[in-house]
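Visitor: using only what follows, build the 3D model:
(2 chains)
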Amino acid sequence: MAKITLDRLRHSYTATPKGPADYALKQLNLDWQDGGAYALLGPSGCGKSTLLNIISGLLQPSEGRILFDGRDVTALPPDRRNIAQVFQFPVIYDTMTVFDNLAFPLRNRGVGEARVKARVEEIAAMLDVTEMLRTRAANLPADNKQKISMGRGLVRDDVNVIMFDEPLTVIDPHLKWKLRSKLKELHQRVKVTMIYVTHDQTEALTFADQVVVMQDGEVVQIGTPVDLFGRPAHTFVGHFIGSPGMNVLPAEVRDGAAWFNGMPVALEGAIAPGEGRHEIGVRPEFVSLAPAGIPATVRKVMDLGRHSVVEAVAGGTRVSAIVEGMAPGQGEAVHLAFRPDQTRLYRDGWIASERGRAA
Amino acid sequence: MRKVNQKGWFFVLPVLILVAFNALVPMMTVVNYSVQETFGNNQFFWHGLGWFQDILRSERFQAALGRQALFTLMILVIEVPLGVVIALSMPRAGIWVPVCLVTMALPLLIPWNVIGAMWNIFTLPDIGLLGYFMNHVLGLDYNMTQDPVAAWITVIVMDVWHWTSLVVLLCYAGLVSIPDAYYQAAKIDGASNWSVFRYIQLPKMKQVLTIAVLLRFMDSFNVYTEPFVLTGGGPGNATTLLSIDLVKIALGQFDLGPAAAMSLIYFAITLFVSWLFYTLMTRNDVK
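Guide: Residues are numbered from 1 along each chain as shown, chains lettered A, B, ... in the order given. Below is the predicted model:
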């Protein structure tokens, strides 16, 4: 087990990168604490799998270093880094039994057979696969296969980190939840650093203590699920996390106040000095219908049972609001109010309003 | 109850007719000949299983069958492992892939009798490239028209040259279908190269390998053109394989009855061994 440090890491798939666009990963500095549960969240193509493969050693970074507990492992091959990885599609050694599959990483490292047996049985019990140990792994359904791939990582007690590369992609929806909670439970039991790559916010937010949000090869924000939801550092995070995502509204800054659609909007706090393209960000959860406020017309209403998502248009910009109880009808004129302590200003995408004193 | 439309059977009719005329009717003709004796004039007499007994007891048939079995065994033992090794060492990506594939496919594109003729000239002791090299440069006594061992080696090398590509191409297709994740997982699990071959590549290649073994068995067991053009079955009867012997009996001596009986025995052996291979190689497959 180890603390993992990424030091000025950059990677390009082209041999001679010319500009920032050629980099799949742009300048990364990151610390992953020992025993943490991390999620790497981002849309397809944002560089999260590249980062994962660099940590596991399947890929050599173009620049920078990877340190495990301060030891430089950048040049080491995967088998000498003591890491484990679970892939998108379950990797199973078809001709072997479940037992042999789980024992494989240990036997390859010359562990004694008595120890192998003890370890495999321990892990099998943890994964609830004890009764399958004697069956051929090829005959198992996908979710059990994925458990076995996970087990091959857990079986070694010297792993520094277990990495999951979108491991639930091929799992049936009703089993996803089961496997996800199993994973969470395992993390609590074995306390190994786990890094979970996904583009699914639910998976990331339920699994991780810390979520690293990536976009275009850059880390946009690192934080707890509460941080990411409550105070997105970038409009991308606000929009990517949450369903529906944060409203991002074009804004003007005049006389130290933010204006949207000709109306002043109260923010969480003071605006940091600077110039740029301004936007107001407010989550639909904190937009309400009020007797007075920003005039808008209701475009559509989605009734989700517990509440309704009202999509209104104010001055050509769409604003979503989550409304409890009676929702207005389509085409109705309404007034929108934003909760000030949850309304933030963004400049060129990055947060530019200071945290308010009010909770 | 739903009425079943039986007119669909008409769609099968053309295939049925085609199969009848190119397989069933000729086959039954052979069966017909195999149980009859003829002295010409298109007069036939019932002979029962006599021809079958004669063939099975004849030393000539047993010798040809022995040579055939030896030939096929050597072909399988050489071509299958060699094909696997070549497929494993071929590049998986890059500009060399098409170069390798085309080079591999070339021998398969040459007509069979051309291959026999090519190798015949190639091995001529005084003017053939190989023959001249062996005799006049290396100083070996190599003449496959006189020496049975040389003839056997040449026939086998020629077949390896011609057909190993088939095994290579099939195995290669199996290999490139293995997702990268398997190799990556094996690397992380600390698997040796041998383990990667034994537990990932071989199992993934198994299905194509089954097909390769079956095809190479059937083709080598029924081989005719190339060895016939190369050696004509000689020297003496040294390279007279079953098919060559069969043609001698059927068309050379025009012994229709024995030839028909021999054909059926030949067919039965091919069928049985193919079935055996297939059953043995797929017995552990996932259903």
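
Visitor: where does residue A:357 land on pLDDT?
Guide: At residue A:357, the pLDDT value in this model is 49.

Visitor: one more: residue A:93?
Guide: 90.

Visitor: residues in contact with it?
Guide: If you count contacts by C-beta atoms under 8 Å, 6 or more residues apart in numbering or on different chains, residue A:93 has them with A:100-101, A:104, A:137, B:199-200, B:203. Where C-beta positions appear, they are placed from N, C-alpha and C, glycine not excepted.

Visitor: contact residues of chain A facing chain B?
Guide: With C-beta under 8 Å from any C-beta of the partner chain as the criterion, chain A meets chain B at residues A:56, A:58, A:77-79, A:83-85, A:87-89, A:91, A:93-96, A:104-105, A:108-109, A:136, A:138-139, A:149, A:152.

Visitor: what's the nearest residue to residue A:58 if we skip its chain neighbours?
Guide: In space, and not counting its chain neighbours, residue A:58 is closest to residue B:184: 5.2 Å by C-beta to C-beta, 6 or more residues apart in numbering or on different chains.

Visitor: what's the burial count for residue A:199?
Guide: Neighbourhood size, residue A:199 [other C-beta atoms under 10 Å in any protein chain shown]: 18.

Visitor: I'd say it and residue A:42 touch.
Guide: Yes: using C-beta atoms under 8 Å, residue A:199 is in contact with residue A:42, at 6.5 Å.

Visitor: number of nearby residues for the spatially closest residue to residue A:4 that is not a sequence neighbour?
Guide: If the residues on either side of it in the chain are set aside, residue A:4 comes closest to residue A:32, at 4.2 Å by C-beta to C-beta, 6+ apart. Counted with other C-beta under 10 Å, residues neighbouring residue A:32 total 22.

Visitor: please verify my assumption that residue A:32 contacts residue A:194.
Guide: No: here residue A:32 does not reach residue A:194: they are 9.6 Å apart, not a contact under C-beta under 8 Å.

Visitor: any shared contact partners between these two?
Guide: With C-beta under 8 Å, 6+ apart, residue A:32 and residue A:194 have common neighbours A:38, A:161.

Visitor: longest strand of chain A?
Guide: strand A:287-303 (DSSP state E).

Visitor: show me what the lengthiest helix in chain B is packed against.
Guide: If you go by DSSP state H, chain B has its longest helix at helix B:59-89. Helix B:59-89 is packed against helix B:148-176, helix B:202-221, helix B:242-247, helix B:256-282, with contacts defined by 3 or more C-beta pairs under 8 Å, 6 or more residues apart in numbering or on different chains; DSSP states H and E.

Visitor: export the ones you listed to CSV and tack on distance to residue A:345?
Guide: Shown next, in CSV, are these (distance: least, C-beta to C-beta, whole Å):
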stretch, distance to residue A:345
helix B:148-176, 53
helix B:202-221, 56
helix B:242-247, 88
helix B:256-282, 67
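
Visitor: of all those, which one comes closest to chain A?
Guide: Nearest to chain A, of all the helices and strands packed on helix B:59-89, is helix B:202-221, at 4.8 Å by C-beta to the nearest C-beta.

Visitor: helices or strands up against that closest one?
Guide: Checking 3+ C-beta pairs under 8 Å, 6+ apart, helix B:202-221 ends up next to helix B:59-89, helix B:148-176, helix B:256-282.

Visitor: any idea which of the ones you listed scores lowest on pLDDT?
Guide: Mean pLDDT across the helices and strands packed on helix B:202-221 is lowest at helix B:256-282; the value there is a mean of 88.

Visitor: so which bits of it are buried?
Guide: B:256-266, B:270, B:273-274, B:277, B:281 (16 or more other C-beta atoms under 10 Å in any protein chain shown).

Visitor: which of those residues lies closest to residue B:93?
Guide: If you rank the buried residues of helix B:256-282 by distance to residue B:93 using C-beta to C-beta, residue B:281 comes first, at 29.7 Å.

Visitor: just the pLDDT for the closest residue to the closest one other than its chain neighbours.
Guide: Distance criterion C-beta to C-beta, 6+ apart; nearest residue to residue B:281, sequence neighbours excluded, is residue B:210 at 4.5 Å. As predicted, residue B:210 sits at a pLDDT of 90.

Visitor: show the contacting residues for residue A:60.
Guide: Residue A:60 is in contact with A:54, A:74-75, counting by C-beta under 8 Å, 6+ apart.

Visitor: then residue A:248?
Guide: Residue A:248 makes contacts with A:235, A:238-239, A:279-281, A:346, as judged by C-beta under 8 Å, 6+ apart.

Visitor: pick the one among the residues you listed closest to chain B.
Guide: Set against chain B, the nearest of the contacts of residue A:248 by C-beta to the nearest C-beta is residue A:239 (31.1 Å).

Visitor: please name the nearest non-neighbouring residue to residue B:236.
Guide: According to C-beta to C-beta, 6+ apart, the nearest residue to residue B:236 is residue B:148 (7.2 Å).

Visitor: neighbours around that neighbour, how many?
Guide: 15.

Visitor: check the one 5 residues further on too.
Guide: The criterion is other C-beta under 10 Å. On that basis, residue B:153 has 15 neighbouring residues.
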